[in-house]
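A.B. asks: Quick one, structure for this:
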Amino acid sequence: MYVGRETVAQYGDEVAKLCEKLLKILSVNLGLKEDALQEAFGGEEVGECLRVNYYPKCPQPGLTLGLSPHSDPGGMTLLLPDHEVPGLQVRRGDRWITVKPVPNAFIVNIGDQIQVISNASYKSVEHRVIVNSEKERVSLALFYNPKGDIIIKPSDELVGEDRPPLYPNMTYNEYRSFIRTRGPCGKSQLESLKSPR
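C.D. replies: Predicted coordinates for the structure are as follows:
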């Protein structure tokens, strides 16, 4: 099936609008002004990236992963999964739980930058992708990220004497560079930046 460039662009625009609405909900839930997270991301100058992921079938799925364990380094990811072939797994404690996709529904992953801004009130999701032995799988992911050169830090309204900032000030570009030098290793990159209490 062919999908034209205009259709893809329109899809990306509409999903980005949904991300803006979700940021408003998350902001209000934190007790902040409605536009707090959007402003922390750089206002209207955020970064968006739409990615199509193709995972071919694999006769020995136990020997490979579609994507190794990680948390998304950016702000938020809206994933439109293949509802017929599950493949996304999230970590809960020491176990990996397969997410059962719902037709025509998004999976929303909180990224590392929202964890930092919320001073860990929200946690980014450690996840991985497995492959299937019988069927190929396709998913669409829109990554909604802060502007690369804006300082990301715990929100001033969410820190105080009883709750110090857990993370250092760092631009999103600096954070991406930091994690790329270490390679994929779950959530340990973000956790290594935490200030000791």
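A.B. asks: Only C-alpha atoms from now on, for both contacts and neighbour counts.
C.D. replies: Noted.
A.B. asks: Can you get me the start-to-end distance on stretch 111-130?
C.D. replies: Using Cα to Cα, to the nearest Å, one end of stretch 111-130 lies 20 Å from the other.
A.B. asks: repeat for stretch 145-157
C.D. replies: Termini of stretch 145-157 sit 21 Å apart (Cα to Cα).
A.B. asks: average pLDDT across it?
C.D. replies: Averaging pLDDT along stretch 145-157 yields 95.
A.B. asks: Now that stretch: buried residues?
C.D. replies: Within stretch 145-157, the residues that count as buried by 16 or more other Cα atoms under 10 Å are Asn145, Pro146, Lys147, Gly148, Ile150, Ile151, Ile152, Lys153, Pro154, Ser155.
A.B. asks: need the contact list for the second one.
C.D. replies: Spelled out, that is Pro146. Pro146 makes contact with Ala40, Phe41, Gly42, Glu45, Val46, Gly47, Gly74, Gly75, Gln113, Tyr172, according to Cα atoms under 8 Å, 6 or more residues apart in numbering.
A.B. asks: Could I have the CA atoms of the lowest-mean-pLDDT helix or strand in the chain written out in CSV?
C.D. replies: Ranking every helix and strand in the chain by mean pLDDT, DSSP states H and E puts helix 188-192 at the bottom, with a mean of 75. Coordinates of the C-alpha atoms in helix 188-192 are reproduced here as CSV (Å, rounded to 0.1, in the frame of the first residue of the first chain):
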residue,chain,number,x,y,z
SER,A,188,21.1,3.6,33.7
GLN,A,189,22.1,6.8,31.8
LEU,A,190,19.4,8.9,33.3
GLU,A,191,19.8,7.3,36.7
SER,A,192,23.5,8.0,36.7
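A.B. asks: And the contacts of stretch 168-183?
C.D. replies: With Cα under 8 Å, 6+ apart, stretch 168-183 has contacts from 73-74, 113, 146-154, 189, 193-195.
A.B. asks: returning to that earlier point: could you identify the pair within the contacts of Pro146 that is furthest apart?
C.D. replies: The span of these, defined through Cα to Cα, is set by Glu45 and Gln113 at 15.5 Å.
A.B. asks: now the strands: where do they sit in this structure?
C.D. replies: Along the chain, counting by DSSP state E, strands occupy 47-55, 67-70, 76-80, 88-92, 95-98, 107-110, 127-129, 137-145, 151-152, 170-171.
A.B. asks: Among those strands, show the one with the smallest mean pLDDT.
C.D. replies: strand 67-70 (a mean of 82).
A.B. asks: Keeping just the C-alphas, turn that one into PDB.
C.D. replies: In PDB, the C-alpha atoms belonging to strand 67-70 read as follows (Å, rounded to 0.1, in the frame of the first residue of the first chain):
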ATOM      1  CA  LEU A  67      15.300  -3.100  19.900                       C
ATOM      2  CA  SER A  68      17.300  -3.400  23.000                       C
ATOM      3  CA  PRO A  69      16.200  -2.100  26.400                       C
ATOM      4  CA  HIS A  70      16.100   1.700  26.700                       C
END
